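1. here is a sequence with its predicted model. Questions after.
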Amino acid sequence: MAAPVSSGTATIAGFAVESATDGSQWPAIAAAQVTERWPIVSADFDPGMSQAPVVTRAQTLGPTGVDVVSQAPSVRVAFRWRYQGLDSLLACALGYMPAALPTPLGTTAYRHLYEVSADLEATPWPTADAQPPTTRLVRRGTFAAWRQVSTWEVLSCMVQSLALVSDGERVTGAVTLVGAGLSQVSTVNTAAALQALPGCGWPLLGVRHGRLRLGLASPTTPLSSANDVCYSTCAVRLDNQLAASYGPRTGLAPEQYGRTTPPALTLTVDTPRYLSDAWLQTWQAQTTLMGELRFLGPQVGGSGQAYQLTWYLPALRLTDVRPSPVQVGLPSVRHVLQAEVPAQPAAGMPATAQPGPVGVEVVSGARHHPLL
Amino acid sequence: MAVPPSITSIGYLTRIGVGEQAAIGTPILTTQVLPSVSESLNDVYAEIPDESLQGSPIVDTPEQGNFSATGDMLVPMRYLNEFVLLKHFFGQFATGRYDLLPSIQGKALTVSIDKQVQGVWDYTDTKATQIVWTSNADGVNLQTSMIPGALTLNSTLNTHAHLVGLLQDAKRVLHHHLRLLVGTQDHALTHPADDLCLSELTLTLSRPMAIDYTNCAQTPMEPIENAFLSFRLAMTFPRFRTEEEQIITWRKNYTRLQASLVYTHPVTGDTKTIIIPNLVFVTATAPTAGPGPRVLTTEAAISQGKDVTTSAQIAITATGNALAITGGTFPFVAAGAQVTISGAATPANNGTFTAAAWTPLTLTLATPPALTDEAAGASITVSVSNPPIYMLET
């Protein structure tokens, strides 16, 4: 039999949240079993091994060895954004969705609403969610990719950053996962197990199904078609600002990651032509805005409900408005906005348990809460 | 169920109409038939493959991306006045003169093609981004590169019956109707002193345009100019003779020249005249290609000609609305060029005017505004900005 050769097209990948009853452990005792394929575009693994040469006074001709100082594996995953199949990722990236959700919309469609939580470490569920005390709110999981030679697993990985980019042709995603360990000897996500996963039929987000609205923040006047912004590229990026120390409990591996500063969420909008100074003046006036990036897809089954992904940004402030340099040609304009904690509710946006800088609403056929 | 009769799309049955839209996004009833030889307008939806890794070397169904359409139309030139394609490309037309606007933003054509199958195809919001005027023994042809914004099949606006009803001018512009005058900018071109006889010329006028898309539409935004407009004139002389040897000197010295391409119908006297006030030869080659006569091939760059003259010996006369210079000459000024006068003692004589006529010693300006008599004495500056090209027809 020929030796296996690693090939991109043969790759099967997935991400699974770790057990809610296993949350007090760091890292998890075992890898989580991937149960759905995640059709990624690429995965760039970094073993994160820091090494230092051993240099002694006794040997001046060169180092005599290498010490492993720390191991902090990570993986950068690029993917085409879909209406379904990214529930676990969104839940781990933002951190919270009330346990009572998702809400059924008819028979086959379900509404999810993810929001930013203060922590991403494993914590008890909020009292209002009425979850058993033996369970925890776990926002970490296992990313596994079968690479034909072996399955690479990033264990107990947390979402360092998540981005959605809508660039005129595609809506793509990029996520960086930081984990406690990197394994090539999985006993859970074996080649046979991953190959047995059913194929995915979730619709892709289409660029022209995207609708960006930006307008003055208001508790009474919701955004309307008058606030539509036609963009050539729109990107929303969440940076969770995670950091971890090393040992002594975990040895060379990182302790459980936690936020060092509040999460940063930015919205970047490129318009293809420089047509107005209105946004420049809004930036100079430091006016608070609100925004909504919505994608609408086909119907979920025969539910009469459309697949939907909406990023609600109740408070935004421009931090840069810059036409491209003056030269031959048509300048485009880049607008960068910082999402903030809203001082007041934003009209037309769903209420979240905490008034955070973003709420992500998904309507899909996924009926389960990804963190339960 | 009755089977509909089969229709075969045939080239010689094709009719093409063209009309100037009043606004982007609003198709219009075509007004002029284009006796085109060929058209290659295509309509393409970009293919966006799903390159996600799913454990299989076979990809899923691609998605449909943005609509784009481009293509060329080749039209044998007619002595047809107010030629819609040229009006659109130049941007401005009035009283028999086509003038080049810096931008044709807001202007577009509806091009209707009766392809028989799927009826009449309306390409709307069409912009012309380049025209190539070719003149040789086969005739004079205009090739126009187009960027349509959208396509409607089975047009209910421009029907087969409508296109059949459009009249066309049968008088073709032919190469032997051409009188080509090329000369330096120190005199008005005259026949036969400035005549050049050539076997072929190609005049290329380009308006580079950006095609941009947003999430709001699958069709492109209105294409608009995103680089300098460029103009070239390529000429081929069948024999390299002493009559053409001055071209070598002009090319060597980058001498600023002027040119006129005058086509006159031998029977009706209709004319099409292309005026090029400022050009320089950038190449002129006559390689040895065997025992026969050498062929001279040249290319000229066409640009905006600007000049400034300052003199205290310029007199201004209200009669004739003219300036006269002694002890020097005015720079070359094409009719319709922009002339700016400053330094005149009479304030009303300062300002920006349009040139009506020029000789080296006299510059006549169009009225209004009217000039006021002023004797020479003041140090007057005359700044001239000649258009790169314009076209006249009678």
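-> That came in fine, so what should we check first? These numbers come from a predicted model, not from an experiment.
2. next secondary structure after the longest strand along chain B?
-> The single longest strand within chain B, with elements called by DSSP state E, is strand B:120-136. Per DSSP states H and E, the first helix or strand lying C-terminal to strand B:120-136 is strand B:139-147.
3. residues touching the residue nearest to A:P124 when sequence neighbours are not counted, list them.
-> Closest residue in space to A:P124, ignoring its immediate chain neighbours: A:R136 at 6.1 Å, by CB to CB, 6 or more residues apart in numbering or on different chains. All C-beta atoms are positioned from the backbone trio N, CA, C, and that covers glycine. Taking CB atoms under 8 Å, 6 or more residues apart in numbering or on different chains, we find A:R136 in contact with A:A20, A:T21, A:G23, A:S24, A:A122, A:T123, A:P124, A:W125.
4. show me what the strand ranked longest in chain A pairs with in its sheet, parallel or antiparallel.
-> For chain A, the strand with the greatest residue count under DSSP E is strand A:306-323. Note on strand A:306-323: by DSSP bridges, its sheet partners are strand A:288-299 (antiparallel), strand A:333-339 (antiparallel), strand A:359-364 (antiparallel).
5. quick one: mean pLDDT for that strand?
-> When pLDDT is averaged along strand A:306-323, the result is 97.
6. check stretch B:268-285 too.
-> Average pLDDT, stretch B:268-285: 96.
7. B:T30 - that's part of a strand, no?
-> No. Counting by DSSP: H, G, I helix; E, B strand; the rest coil, one finds B:T30 to be coil, located in no strand.
8. would you mind finding the most buried of the strands paired with strand A:306-323?
-> Here the criterion is mean neighbour count by mean count of other CB atoms under 10 Å in any protein chain shown, and of the strands paired with strand A:306-323 the winner is strand A:359-364, at a mean of 24.
9. so which residues make contact with it?
-> So strand A:359-364 is in contact with A:83-84, A:87, A:90, A:94, A:105, A:109-115, A:202, A:300, A:305-312, A:314, A:349-350, A:352, going by CB under 8 Å, 6+ apart.
10. for chain A, what are the nearby residues on the stretch 201-350 of chain B?
-> Within reach of chain A by CB under 8 Å from any CB of the partner chain, the stretch 201-350 of chain B has these residues: B:210, B:212-218, B:221, B:224, B:226-228.
11. for the residues you listed, give me CSV that also has neighbour count and secondary structure.
-> Below are those laid out as CSV (neighbours: other CB atoms under 10 Å in any protein chain shown; DSSP: H, G, I helix; E, B strand; the rest coil):
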residue, neighbour count, secondary structure
B:A210, 17, strand
B:D212, 19, coil
B:Y213, 22, coil
B:T214, 23, coil
B:N215, 25, coil
B:C216, 15, coil
B:A217, 14, coil
B:Q218, 17, coil
B:M221, 19, coil
B:I224, 17, strand
B:N226, 16, coil
B:A227, 13, coil
B:F228, 11, coil
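12. of the residues you listed, closest to B:I10?
-> Using CB to CB, B:Q218 comes nearest to B:I10 of those, at 31.1 Å.
13. I'd assumed A:G206 was in contact with that closest one.
-> No. Applying CB atoms under 8 Å as the test, B:Q218 and A:G206 come out as separate, 9.7 Å apart.
14. quick revisit: now the longest strand of chain A - C-alpha only, PDB.
-> Only the C-alpha atoms of strand A:306-323 are listed here, as PDB (Å, rounded to 0.1, in the frame of the first residue of the first chain):
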ATOM      1  CA  ALA A 306     -34.700  32.800   5.500                       C
ATOM      2  CA  TYR A 307     -31.200  31.900   6.700                       C
ATOM      3  CA  GLN A 308     -29.900  35.000   8.400                       C
ATOM      4  CA  LEU A 309     -26.700  36.300   9.900                       C
ATOM      5  CA  THR A 310     -26.800  39.800  11.500                       C
ATOM      6  CA  TRP A 311     -24.100  41.600  13.400                       C
ATOM      7  CA  TYR A 312     -25.800  44.300  15.500                       C
ATOM      8  CA  LEU A 313     -23.400  47.100  16.500                       C
ATOM      9  CA  PRO A 314     -25.400  49.400  18.800                       C
ATOM     10  CA  ALA A 315     -22.600  51.900  19.400                       C
ATOM     11  CA  LEU A 316     -19.900  52.700  16.900                       C
ATOM     12  CA  ARG A 317     -17.400  55.600  16.600                       C
ATOM     13  CA  LEU A 318     -15.300  56.400  13.600                       C
ATOM     14  CA  THR A 319     -11.600  56.200  14.300                       C
ATOM     15  CA  ASP A 320     -10.400  56.900  10.800                       C
ATOM     16  CA  VAL A 321     -11.800  58.000   7.500                       C
ATOM     17  CA  ARG A 322      -9.200  58.100   4.800                       C
ATOM     18  CA  PRO A 323      -9.400  58.400   1.000                       C
END
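15. now do the buried residues in that strand.
-> Residues A:307-318, A:321, A:323 are the ones in strand A:306-323 that count as buried (16 or more other CB atoms under 10 Å in any protein chain shown).
16. kindly report the same for stretch B:30-43.
-> B:T30, B:Q32, B:V33, B:L34, B:S36, B:E39, B:L41.
17. dump the residue contacts of the residue lying farthest from the centre of chain B.
-> Most distant from the centre of chain B: B:G55, at 55.1 Å, with distances by CA atoms, centre = their mean. Residues near B:G55 by CB under 8 Å, 6+ apart: A:T9, A:A10, A:T11, A:I12, A:R37, A:W146, A:L194, A:Q195.
18. which SS state does it fall under?
-> At B:G55 the chain is in coil, as set by three-state DSSP.
19. before we move on, the earlier item: in TSV, list the buried residues of strand A:306-323 along with distance to A:L296.
-> Shown next, in TSV, are these (distance: CB to CB, whole Å):
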residue	distance to A:L296
A:Y307	7
A:Q308	6
A:L309	8
A:T310	9
A:W311	13
A:Y312	15
A:L313	18
A:P314	20
A:A315	24
A:L316	22
A:R317	27
A:L318	26
A:V321	28
A:P323	31
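20. out of the residues you listed, who's nearest B:H160?
-> Sorting those by distance to B:H160 puts A:Y307 at the head of the list, at 42.8 Å, by CB to CB.
21. dump the residue contacts of that closest one.
-> Going by CB under 8 Å, 6+ apart, A:Y307 touches A:Y83, A:Q84, A:P203, A:L296, A:G297, A:P298, A:Q299, A:V300, A:V363, A:S364.
22. ok, which pair from the residues you listed is furthest apart?
-> Largest separation among the contacts of A:Y307 by CB to CB: A:Q84 and A:L296, giving 13.9 Å.
23. can you map out the helices along the chain?
-> Picking chain A for this. Taking DSSP state H, the helices of chain A run over residues A:87-94, A:191-195, A:278-285.
24. hmm, no, I was thinking of chain B.
-> B:84-90, B:160-165, B:245-253.
25. any idea which of those helices is most buried?
-> helix B:84-90 (a mean of 22).
26. now that helix: how far from the chain's centre is it?
-> In terms of CA atoms, centre = their mean, to the nearest Å, the centre of helix B:84-90 is found 7 Å from the chain centre.
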